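Engineer: Turn this into a model:
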Amino acid sequence: MAVEVVFRALAEQDIEEIGDRIALDSQRAAALWIAEVRQRCASLGEFPERYPIHTGVIRRMVAGPYLIFYRIADADIPTLRRVIVIRVMHGAREIGDILDTGP
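Structural biologist: Here you go, the predicted structure:
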């Protein structure tokens with residue numbers, strides 16, 4: 001059973017900012033990248049446990065040079081279960097305290 005995938009505001013902002021940077025070289029490449037990263041995030045709804053835990057309850061999916069951080073909310077209650085995409089960042093960034101696990 002697939003679960004809902006939702007994006008936190010910071011993840012949406014990350015995707016738009018990365019897309020804007022890519023668009024400086026190519027609008028087409030930016031549109032393709034945004035579509036691909038959104039599709040990869042949507043695929044988390046099928047089997048969210050397939051990627052490793054980064055820290056605590058946060059998991060990390062690698063997408064080229066980018067990292068997609070997410071958590072599984074209400075994992076023990078099937079009807080409330082969902083995937084929350086927290087951040088999307090370039091792998092070269094210092095992750096440190098950037099990840100916020102709030103709602």
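
Engineer: helix/strand/coil for the residue sitting nearest the centre point of the chain?
Structural biologist: Centre of the chain computed as the mean C-alpha position; nearest residue by C-alpha atoms, centre = their mean is Ile68, 3.6 Å away. At Ile68 the chain is in strand, as set by DSSP: H, G, I helix; E, B strand; the rest coil.

Engineer: From Gln13, how far out is the closest residue to it other than its chain neighbours?
Structural biologist: By the measure of C-beta to C-beta, 6 or more residues apart in numbering, the closest residue to Ile68 outside its immediate chain neighbours is Met61, 4.4 Å from it. To be clear about C-beta, it is placed using only N, CA and C from the backbone, and glycine gets the same treatment. To Gln13, Met61 is 18 Å away according to C-beta to C-beta, to the nearest Å.

Engineer: Comparing these two, which residue is more hemmed in?
Structural biologist: Comparing Met61 with Gln13 by other C-beta atoms under 10 Å, the one with more neighbours is Met61, at 21 against 13.

Engineer: Which pLDDT value goes with that one?
Structural biologist: Here the pLDDT value assigned to Met61 is 95.

Engineer: Show the contacting residues for it.
Structural biologist: Contacts for Met61 (C-beta atoms under 8 Å, 6 or more residues apart in numbering) come out as 40, 44, 51, 67-68, 70.

Engineer: On the three-state scheme, Leu80 is what?
Structural biologist: coil.

Engineer: what about Gly19, neighbour count?
Structural biologist: For Gly19, using other C-beta under 10 Å, the count is 18.

Engineer: Packing partners of the helix or strand where it lies?
Structural biologist: Assigned by DSSP states H and E, Gly19 belongs to helix 9-23. Counting contacts by 3 or more C-beta pairs under 8 Å, 6 or more residues apart in numbering; DSSP states H and E, helix 9-23 is packed against helix 27-42, strand 82-90.
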